[in-house]
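> structure here, sequence nowhere to be found:
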């Protein structure tokens with residue numbers, strides 16, 4: 001018995017020793033897997049980047065649409081014909097009145113809490129293909145970026161919506177704004193600082209890219225001309241204008257009130273207007289040759305230029321949540337500008353609409369000047385936009401929206417422009433005899449009214465139809481001879497008020513925009 005007891009104790013000791021040795025040979029316990037955690041601080045769609053305190057949200061959309069006489073994303077077909085022919089600005093059999101567009105857009109929003117508040121970076125970029133673009137792989141699609149900014153302790157820096165803007169048609173329409181101040185579709189480079197004053201009131205100052213808010217400065221003497229439509233297709237972008245390059249930003253101040261019922265804001269902007277030289281079509285005295293760019297004896301710099309001036313714009317607007325149904329909204333914004341036309345009408349530079357033998361005309365410019373010694377004559381404009389949307393039920397909603405803008409030129413600017421038109425414009429016979437001073441006025445107005453209906457059969461899927469009526473009301477009237485323009489041959493036309501009806505059908509899948 002004693003022998004058996006000794007054997008059992010020895011065996012137990014051996015098993016214990018063997019167990020200890022085996023345990024020492026086992027691997028260490030693995031660290032628990034760190035799963036992605038939801039970040040609820042900033043709303044739906046955010047999650048923590050593993051191993052950090054940074055919250056991230058991915059978003060975007062995919063869109064397919066068909067536009068009738070609308071130029072892509074319901075940019076109404078009232079602009080100039082693009083050189084070589086365009087798809088929608090001419091009412092003849094050579095133009096493509098039906099345009100199809102496909103776009104994909106994605107966004108990246110990152111936010112981190114710091115002792116100074118939220119550190120945020122946001123970017124949004126997209127690629128699209130539109131009827132008329134090249135079908136060759138890699139060369140036809142258009143890539144763009146409309147948002148890329150940082151926010152920290154009141155600072156906003158990068159490409160964002162202008163602090164001047166208040167109400168955007170995108171709330172109530174598929175249209176890319178023509179009337180009013182709305183940089184939402186493209187963004188604008190800026191550096192801004194915002195102070196929260198309490199009670200939902202905030203004040204901002206912003207230095208913003210001036211070239212994005214510039215319309216042409218027109219020299220009525222020289223190759224740039226004012227009315228040579230064959231070569232001045234993009235007056236609204238500054239192409240072929242006598243506009244000085246950017247030397248100072250535009251300065252914007254904004255005061256805003258945000259409440260549960262909506263937002264109310266007012267803004268002012270100062271915009272520097274400068275020209276290049278007095279003439280781009282003058283030959284050196286006794287030389288018989290064109291002046292050389294770059295100065296020196298007889299060079300362009302010796303011609304001088306008109307003194308720079310400061311234009312300005314002011315606006316007030318509101319976006320209000322209506323009480324009739326969840327999601328119902330009303331928006332309105334009024335703008336006045338002097339030498340700051342892009343604030344009055346952000347999305348359009350020139351109105352040239354051909355329809356048979358008729359042509360509707362209107363040009364938005366910041367200033368006009370003439371022969372050597374003349375001063376910049378700043379143009380004046382004003383606009384108002386408004387819209388409302390009602391949800392019939394959670395799946396159906398309808399909007400009604402519209403806007404009006406008008407531009408006027410003072411007596412000196414009108415005299416300079418009409419003298420150039422009567423003389424044939426840009427050193428050619430493009431407009432010879434087309435206008436006489438007694439029948440010439442560059443003043444014009446433009447208005448539109450539209451309605452959009454959207455159906456959401458399932459969450460995050462929009463099927464919408466938007467119909468828009470546009471009217472160009474030009475002060476030009478009577479016969480005018482124009483040079484060849486894209487698919488439009490040279491010949492006599494009749495300048496008159498012109499109507500355009502545009503429509504778009506859009507299907508869009510949204511993903512946490």
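Perfect, I can see it now. If you're wondering where the values come from, they're calculated on a predicted model, not measured in any experiment. Numbering: from 1, shown residues only.
> what is the neighbour count of the closest residue to residue 48 other than its chain neighbours?
Distances taken as Cβ to Cβ, 6 or more residues apart in numbering place residue 37 nearest to residue 48, at 4.6 Å, with adjacent residues excluded. For every residue, glycine as well, the C-beta is placed using N, CA and C. Residue 37: 11 surrounding residues under other Cβ atoms under 10 Å.
> give me phi/psi at residue 37?
Per-residue torsions, residue 37: phi -110, psi 140 (degrees, to the nearest 10).
> and the pLDDT for residue 324?
For residue 324, the pLDDT comes out at 93.
> rounded mean pLDDT for the helix or strand encompassing residue 381, please.
Using DSSP states H and E, residue 381 maps to strand 380-393. Strand 380-393 carries an average pLDDT of 97.
> what's the following helix or strand after it?
strand 396-408.
> what's that following strand packed up against?
Judged by 3 or more Cβ pairs under 8 Å, 6 or more residues apart in numbering; DSSP states H and E, strand 396-408 is in contact with helix 341-344, strand 380-393, strand 444-455.
> switch those over to TSV; also include mean neighbour count and distance to residue 505.
Output for the helices and strands packed on strand 396-408, formatted as TSV (neighbours: other Cβ atoms under 10 Å; distance: least, Cβ to Cβ, whole Å):
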stretch	mean neighbour count	distance to residue 505
helix 341-344	29	30
strand 380-393	20	18
strand 444-455	20	11
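> these: which one's closest to residue 211?
Closest of the helices and strands packed on strand 396-408 to residue 211 is helix 341-344, at 9.9 Å (criterion: Cβ to Cβ).
> ok, residues contacting that closest one?
When contacts are defined by Cβ atoms under 8 Å, 6 or more residues apart in numbering, helix 341-344 is touched by residues 164, 180-181, 212-215, 269, 271, 313, 315, 335-337, 364-366, 379, 381-383, 405, 407.
> what is the least confident helix or strand in this protein?
Lowest by mean pLDDT, DSSP states H and E among the helices and strands of the chain is helix 2-25, with a mean of 50.
> could you list the low-confidence segments of this structure?
1-34, 72-96, 134-140, 221-241, 279-303, 349, 419-439, 482-491, 513 (pLDDT under 70).
> residue 396 touches residue 462, doesn't it?
No. In this structure residue 396 lies outside contact range of residue 462 using Cβ atoms under 8 Å: 11.4 Å.
> of the two, which one has the most company?
residue 462 (17 against 12).
> quick check, the more buried one in a helix?
No. Judged by DSSP: H, G, I helix; E, B strand; the rest coil, residue 462 forms no part of a helix; its state is strand.
> ok so, going back, can you tell me which of the contacts of helix 341-344 are in strands?
The strands, defined by DSSP state E, take in 269, 271, 313, 315, 335, 336, 337, 381, 382, 383, 405, 407 from those.
> who does the last one bridge with?
For residue 407, the residues forming beta bridges with it (DSSP bridges) are residue 381, residue 444.
> equivalent analysis for the second one, please.
The partner list for residue 271 in beta bridges (DSSP bridges) reads residue 311.
> quick check: buried residues in the longest strand belonging to the chain?
With secondary structure taken from DSSP E, the chain has its longest strand at strand 98-114. The neighbour-count check on strand 98-114 (16 or more other Cβ atoms under 10 Å) flags 99, 101, 103, 104, 105, 106, 107, 108, 109, 110, 111 as buried.
> before we move on, what about stretch 347-355?
For stretch 347-355, by 16+ other Cβ under 10 Å, it's 347, 348, 349, 350, 351, 352, 353, 354.
> and the fourth one, how far is that from residue 36?
Distance, residue 350 to residue 36, using Cβ to Cβ, to the nearest Å: 51 Å.
> kindly report the same for the first one.
The gap separating residue 347 from residue 36 is 41 Å, by Cβ to Cβ.
> what does the fifth one give?
According to Cβ to Cβ, residue 351 stands 52 Å off from residue 36.
> wait, what's in contact with residue 359?
Taking Cβ under 8 Å, 6+ apart, one finds 352, 353, 480, 482, 493, 494, 495, 496, 498 in contact with residue 359.
> out of the residues you listed, which end up buried?
Buried among those (16+ other Cβ under 10 Å): 352, 353, 480, 482, 493, 495, 496, 498.
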